[in-house]
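Student: Sequence below, structure please.
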Amino acid sequence: MFRLLNKIHHVGMVSEPLVLEVAENTFKAVGSRLGEAVGRRFRGSLAIRHVDAGSCNGCELEIHALDNVYYSIERFGIHFVASPRHADLLLVTGPVSRHMQAAVYMAYAAMPEPKLVLAVGNCGADGGEFGVSYASCGAVRNVIPVDGMIRGCPPTPLDLMRGILALIDRKIPS
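Tutor: Residues are numbered from 1 along each chain as shown. Take a look at the predicted model:
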């Protein structure tokens, strides 16, 4: 135990330096635009249901980061819900595996109108590394209608916010 503490004392911090100023200003700008759009088009509250359709969990880590204290997407009026019956937006990650095909379709069918669907990551957009095979349906659009895509492997939290904002601006009139 003392050997480990001594090593920590001598080595010090080994993490990368944070580049906060540019990222933080950009995030605040996109976040305020997103908050305004949610306020106008959803009366201040956008409910998102996330479904993992068979991904590697890289996209999930970035989606969960949106809800942590650093990004805190709830301050912009966006929150995650446990039921598709309460959701305005369905966020689907990963290529849709054959085992999750029915679950993705049932989540989509349970959503109230108007339904918005966003495919997240390269796998959700076009099947990514997995494509279409005996175990995978490939892209989300092969199973349910998709309104927008956020590419990246995985997309950053800022990319996710930009994608949600672009979808809201494009699909829901003011």
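Student: pull the CA atoms of the longest strand along the chain into CSV?
Tutor: In the chain, with assignment by DSSP state E, the single longest strand is strand 46-52. What follows is strand 46-52, C-alpha atoms only, in CSV (Å, rounded to 0.1, in the frame of the first residue of the first chain):
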residue,chain,number,x,y,z
LEU,A,46,-38.0,17.5,-24.6
ALA,A,47,-38.3,13.8,-23.5
ILE,A,48,-35.8,11.4,-25.0
ARG,A,49,-36.0,7.6,-24.9
HIS,A,50,-32.7,5.9,-25.7
VAL,A,51,-32.6,2.3,-27.1
ASP,A,52,-29.4,0.4,-27.5
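Student: Partner strands of it and their direction?
Tutor: strand 78-80 (parallel), strand 89-93 (parallel) (DSSP bridges).
Student: any idea of the mean pLDDT in the shortest one?
Tutor: On average, the pLDDT along strand 78-80 is 94.
Student: Would you mark the buried spots in it?
Tutor: 78, 80 (16 or more other CB atoms under 10 Å). To be clear about C-beta, it is placed using only N, CA and C from the backbone, and glycine gets the same treatment.
Student: Touching that strand from outside, list them.
Tutor: Strand 78-80 is contacted from outside by 34, 38, 45-50, 67, 73, 164, using CB atoms under 8 Å, 6 or more residues apart in numbering.
Student: make it 10 Å
Tutor: The contact list for strand 78-80, computed with CB atoms under 10 Å, 6 or more residues apart in numbering, reads 31, 34-35, 38, 42, 45-50, 63-64, 66-67, 72-74, 86-89, 91, 161, 164.
Student: Buried subset of these, written for PyMOL?
Tutor: Filtering the contacts of strand 78-80 down to the buried ones (16+ other CB under 10 Å) takes a single PyMOL command:
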select buried, resi 31+34+35+38+42+46+47+48+49+50+63+66+67+73+87+88+89+91+161+164
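Student: Do you know the pLDDT at K28?
Tutor: At K28, pLDDT is 86.
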